[in-house]
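1. below: sequence and its predicted model.
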Amino acid sequence: YRVESERRALQADATDMPTNLASLEMNAVISPFTAVDIPRVSQLTNKSNQFNLTTVRRTESEIRALMESPSHRCFTVRLSDRFGDHGLVVVVIGRVDATTTPRSFHIDTWLMSCRVLKRQVEEVTLNEIFRLATEAGCEEVIGVYRPTAKNAMVAGLLPNFQFEESSASADERRYRRAATSYVATETKIHATRPSRENS
């Protein structure tokens, strides 16, 4: 609570949002799922309700299978700042579909801790989604929002990032955005990947 109050005090003193974000000195580590992550990732898929596009629940064995699947791209984001470590705050599971034309990257799961809202973690996450999609030769990214009683906060997430609605029903709304024209968003977060992925 003390650390969070210090963060808020800094935010109150900042003259604008970019200045505030820069002053936090945020660092993000983007990493493929690891064996150590499996229990925590499974727990988050089962407990995260608010910032969760699809609320797909997964067991540890299912997470392990996704890690080994050649058609899936799974990653986490950990965030720290000048005040401390937020830990694992983002889980993304994506699926490459090479059977469609155009070749597509499907966002199966995108969940995030509400503690880091409005700190550009969403932008960092989207940059990584499109990086992986492009790396896999996908021409478009497809996202789905499935409304629940608790996840209304992400109803406009994909449209806010220039995804176009392709279909809608009472159960879900589907969106798409071209991957070939995506330009990574600059943020105030210093993002790194494990050495084996660094270019």
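-> Right, received. Where do you want to start?
2. point out where this structure drops to low pLDDT.
-> Scanning the chain for pLDDT under 70 picks out the ranges 1-15, 196-199.
3. again, only using 50
-> Within the chain, the segments meeting pLDDT under 50 span 197-199.
4. residue contacts, the most centrally placed residue in the chain?
-> Central residue of the chain (C-alpha atoms, centre = their mean): Thr125, 4.0 Å from the mean position. Counting by C-beta atoms under 8 Å, 6 or more residues apart in numbering, Thr125 makes contact with 77, 90, 92, 110, 112. Placement of C-beta: from N, CA and C, glycine included.
5. mind picking the two most distant members of these?
-> Within the contacts of Thr125, Val77 and Trp110 form the most distant pair, 10.7 Å apart (C-beta to C-beta).
6. overlap in contacts of the two?
-> Taking C-beta under 8 Å, 6+ apart as the contact rule, Val77 and Trp110 both touch 90, 92, 125.
7. which one of these is nearest Ser167?
-> Using C-beta to C-beta, Val92 comes nearest to Ser167 of these, at 22.1 Å.
8. what comes up buried for whichever strand or helix holds the closest one?
-> Using DSSP states H and E, Val92 sits within strand 84-97. With burial defined by 16 or more other C-beta atoms under 10 Å, the residues of strand 84-97 counted as buried are 86, 88-96.
9. and for stretch 70-83?
-> Judged by neighbour count using 16+ other C-beta under 10 Å, the buried positions of stretch 70-83 are 72-81.
10. run the chain-centre distance for that stretch.
-> 8 Å (C-alpha atoms, centre = their mean, to the nearest Å).
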